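In: everything below, folded, please.
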Amino acid sequence: MTTMVTLLTEGFADWETAMLNAVARSYYGVDTRFASPGGSPVRSAGGMLVTPDLDLADLDPGNTDALVICGGIIWQSGAAPDLMPAVQGARAAGRLIAGICDGTFALARTGLLDDVGHTSNGPGYLDESGYGGKASYRDVPHAVSDRRVVTAPATAPVSFMVEVLHGLGLADDNLAFYVRMHAAEHTRLAEPA
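Out: Numbers count the residues shown, from 1 in each chain. Below you'll find the predicted structure:
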């Protein structure tokens with residue numbers, strides 16, 4: 001069974017990975033798990049209280065097919081947890097690693113984005129992370145996947161879901177249909193009133 005662990009922190013952006021986890025679990029049978037620093041319950045930006053399955057420190061990349069970093073304001077603060085062991089372990093094990101919004105900032109801090117194509121919330125957004133990947137940054141409004149690393153701006157949870165599921169080998173006609181439904185909503189919003 002495919003296993004995906006999503007890291008949640010205090011104040012996590014609940015909308016950014018909700019669709020990914022729901023579709024992965026409900027339609028593709030993925031074992032979706034959640035981790036937090038210390039394994040402690042965390043409250044989302046929207047006020048949802050989540051009790052994670054495991055402590056970030058206990059994450060075993062060998063038993064995880066994908067590590068997903070959900071965004072949240074903590075990643076640009078001094079209270080951000082150290083992701084280096086989890087990211088290095090997942091990378092060494094050849095696992096898919098994904099980050100959305102400020103989750104990309106967290107990944108940039110680890111050096112993971114220094115040599116892979118990636119995106120985030122805008123040009124220069126990752127500069128304060130101290131990373132060396134500015135030349136590989138892609139200024140696009142959708143998720144980017146390169147060498148088992150998926151990144152996305154906060155406004156792209158649908159393409160983020162698609163790229164993660166594709167990276168796990170789960171993309172199919174059902175996923176394409178689901179994406180077309182979401183695209184129809186946004187197409188309509190772009191039309192003049």
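In: ok, residues contacting the lengthiest helix in the chain?
Out: Assignment by DSSP state H gives helix 173-190 as the longest helix of the chain. Residues outside helix 173-190 that contact it (C-beta atoms under 8 Å, 6 or more residues apart in numbering) are 23, 27, 158, 162, 165. Quick note: C-beta positions are derived from backbone N, CA and C, even for glycine.
In: from those residues, which land in helices?
Out: Using DSSP H, the contacts of helix 173-190 in helices are 23, 27, 158, 162, 165.
In: quick one, helices of this structure?
Out: 14-28, 84-92, 102-110, 157-167, 173-190.
In: export these to CSV and append columns for mean pLDDT and distance to residue 143.
Out: Below are these laid out as CSV (pLDDT from 0 to 100; distance: least, C-beta to C-beta, whole Å):
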stretch, mean pLDDT, distance to residue 143
helix 14-28, 95, 10
helix 84-92, 96, 18
helix 102-110, 98, 10
helix 157-167, 96, 4
helix 173-190, 79, 12
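In: which one of the ones you listed lies closest to residue 77?
Out: helix 102-110 (9.8 Å; C-beta to C-beta).
In: give me the angle between that closest one and helix 14-28.
Out: Following axes from the mean of the first three to the mean of the last three C-alpha atoms, to 10 degrees, one obtains 100 degrees for the angle between helix 102-110 and helix 14-28.
In: thanks a lot, see you next time.
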